[in-house]
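>>> the sequence and its predicted three-dimensional model are supplied below.
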Amino acid sequence: MEIRRDDLTAIRHEIRTHASNAWATERGYEPIYSASPRSKIVVIGQAPGRHAQDTQIPWNDASGVKLRQWLGVTEAQFYSPDTIALLPMDFYYPGKGTHGDLPPRPAFASRWHPRILSLMPAVRLTVLIGSYAQKHYLGTSAQKNLTETVRAYRDYAPDRIPLVHPSPLNFRWQAKNPWFETDVIPALQTLVADAIRSGLRTSRHR
């Protein structure tokens, strides 16, 4: 059966009008995510920041710049849903807490991600950024903490890869774990390039 973009459009409308998101709709917030039936890669992060919510552009900050460098993609590729889908664990900015932004709502991804992902049959790689995404998608196969999960990236390849958040605030973590830049990033870029090439080959043979 052909998968139509209208299916994803209908889900977006449901998200906007769902009772659990009424507070966001009342404030004029739109759900911040992107997806396409042709997406080759899915990037799953935590939740949009305030600037992303205000501008309606996901990863619209220094973290997004660093993430694109890690992935080895251009800005155009990153923001093309036919190449990369951006599905955070919550599609709305959760607000400010005592120690930074609040976490994504626990039930949000469970409610909406399966329906969206079921309409994305071309996905070859899922990039899991941060502990919330990793715990949700890796379950018991996640290691005892984020560092060990990222260090074990080979265990999840070639269809998944865990990453630390690309926030500039994580510079101390990266300094303590130089293997991330020397080992994980090259492997990530290879997986990303392979996923994109695989999708191009599939498109040519349709």
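Sure, I can see it. Numbers count the residues shown, from 1 in each chain.
>>> chain center to the lowest-mean-pLDDT helix or strand in the chain, what's the gap?
The helix or strand of the chain with the poorest confidence is strand 100-101; it has a mean of 78 (mean pLDDT, DSSP states H and E). Centre-to-centre, strand 100-101 and its host chain are 18 Å apart (C-alpha atoms, centre = their mean, to the nearest Å).
>>> quick one: contacts of the next helix or strand after that strand?
Using DSSP states H and E, the helix or strand that directly follows strand 100-101 along the chain is helix 108-117. For helix 108-117, the surrounding residues in contact (C-beta atoms under 8 Å, 6 or more residues apart in numbering) are 8, 11, 15, 20, 33, 35, 42, 44, 87, 89-91, 123, 136. Where you see a C-beta, it was placed from the backbone N, CA and C, and this is true even at glycine.
>>> just give the nearest non-adjacent residue to Glu75, would you?
Arg68 (6.3 Å; C-beta to C-beta, 6 or more residues apart in numbering).
>>> hmm, who's touching the strand or helix carrying that neighbour?
Taking DSSP H and E as the criterion, Arg68 maps to helix 62-71. For helix 62-71, the external contacting residues (C-beta under 8 Å, 6+ apart) are 43, 49, 58-59, 74-75, 78, 84, 127, 129, 163, 165-168, 185, 188-189, 192.
>>> go through this protein and flag its longest helix.
helix 185-204 (DSSP state H).
>>> just checking, what packs against that helix?
strand 41-44, helix 62-71, strand 125-129, strand 160-163 (3 or more C-beta pairs under 8 Å, 6 or more residues apart in numbering; DSSP states H and E).
>>> below-threshold pLDDT in this protein: ranges please.
1-6, 199-206 (pLDDT under 70).
>>> from the contacts of helix 108-117, which ones fall inside helices?
Using DSSP H, those in helices are Leu8, Ile11, Ile15, His136.
>>> out of the residues you listed, which are buried?
Leu8, Ile11, Ile15, His136 (16 or more other C-beta atoms under 10 Å).
>>> ok, back up a step: just the buried ones among the contacts of helix 62-71, please.
Here, 16+ other C-beta under 10 Å leaves 43, 49, 58-59, 78, 84, 127, 129, 163, 165-167, 185, 188, 192 buried among those.
>>> ok, Ala81 - contacts?
Residue 81: Pro, not Ala. Ser34, Ala35, Ser36, Arg38, Ser39.
>>> please repeat the previous calculation with a cut-off of 10 Å.
Arg5, Leu8, Tyr33, Ser34, Ala35, Ser36, Pro37, Arg38, Ser39, Met120 (C-beta atoms under 10 Å, 6 or more residues apart in numbering).
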